[in-house]
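Engineer: fold the following.
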Amino acid sequence: MTPSEMVLTPTGLRFMGRRFPCTIGKGGIRTDKREGDGATPRGIHTITGLLYRPDRMAQPTPWAEPIHNGDLWSDASDDPAYNTLVQAPYGPSHEKLRRSDPLYDLVLLTNWNWPNAIAGKGSAIFLHQYRRKGFPTEGCIAFRRDHMYWIACRAVPGTRVIVP
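Structural biologist: Coordinates of the predicted model:
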């Protein structure tokens, strides 16, 4: 299967002949993305992984990996594990992947500043569920739950995410 492209447009994300309303980072779209700026980075990114909460949904695709208790994502730019999946206990700055809210029940990972992270360039850009319609992210691209599931079931590793 040849990966299809996801293209961010002013009216949503185009993918496989459909358009999905979405939200982006509160800092807008930036070419010079930095840690903590809340921006969605401009460029051509690729899907590198898919994580899901097995206690909240069935495995959406065979290549999806479960999110376990203690799974964290490092956003500590001065740490060697910056912008990678780490396990609790982990002292430096991080995000919990197994959250009480549904934000990260299903997460498509991208190759933004990965696998060789550059300190301060910004940690992971995920595609995930949004908090509510129109509510911006910290730089990720977020969708309604059912749209996120539809996208996740059809995306494959290598699918391009184009942010013009």
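
Engineer: mind listing what's buried in the longest strand seen in the chain?
Structural biologist: Looking across the chain with DSSP state E, the single longest strand is strand 43-52. Using 16 or more other CB atoms under 10 Å as the test for burial, strand 43-52 gives 43, 45, 47, 48, 49, 50, 51, 52. In this view, the C-beta of every residue, glycine as well, is placed from N, C-alpha and C.

Engineer: repeat for stretch 21-37
Structural biologist: Neighbour-count burial for stretch 21-37, counted by 16+ other CB under 10 Å, picks out 22, 23, 24, 25, 27, 29, 30, 33, 35, 37.

Engineer: please report how far residue 164 lies from residue 155.
Structural biologist: Between residue 164 and residue 155 the computed distance is 19 Å (CB to CB, to the nearest Å).

Engineer: settle it for me: which of the two has more neighbours?
Structural biologist: Taking other CB atoms under 10 Å, residue 164 and residue 155 do not tie; residue 155 has more neighbours (22 against 10).

Engineer: leaving out sequence neighbours, find the closest residue to the more buried one.
Structural biologist: residue 47 (5.2 Å; CB to CB, 6 or more residues apart in numbering).

Engineer: so who does that neighbour touch?
Structural biologist: Residue 47 makes contacts with 3, 108, 109, 110, 127, 155, 156, 157, 158, 159, 160, 161, as judged by CB atoms under 8 Å, 6 or more residues apart in numbering.

Engineer: just give me the least confident of the residues you listed.
Structural biologist: Within the contacts of residue 47, pLDDT reaches its minimum at residue 3, with 54.

Engineer: what about the closest residue in space to residue 130 that isn't next to it in sequence, how many neighbours?
Structural biologist: In space, and not counting its chain neighbours, residue 130 is closest to residue 142: 3.5 Å by CB to CB, 6+ apart. By other CB under 10 Å, 23 other residues sit near residue 142.

Engineer: quick one: mean pLDDT for whatever helix or strand residue 142 lives in?
Structural biologist: Secondary structure assignment for residue 142, by DSSP states H and E: strand 141-143. Mean per-residue pLDDT for strand 141-143: 98.

Engineer: distance between the next helix or strand after it and the chain's centre?
Structural biologist: Going down the chain from strand 141-143, the next helix or strand is helix 145-154, by DSSP H and E. Remark: helix 145-154 is offset 13 Å from the chain centroid, using CA atoms, centre = their mean, to the nearest Å.
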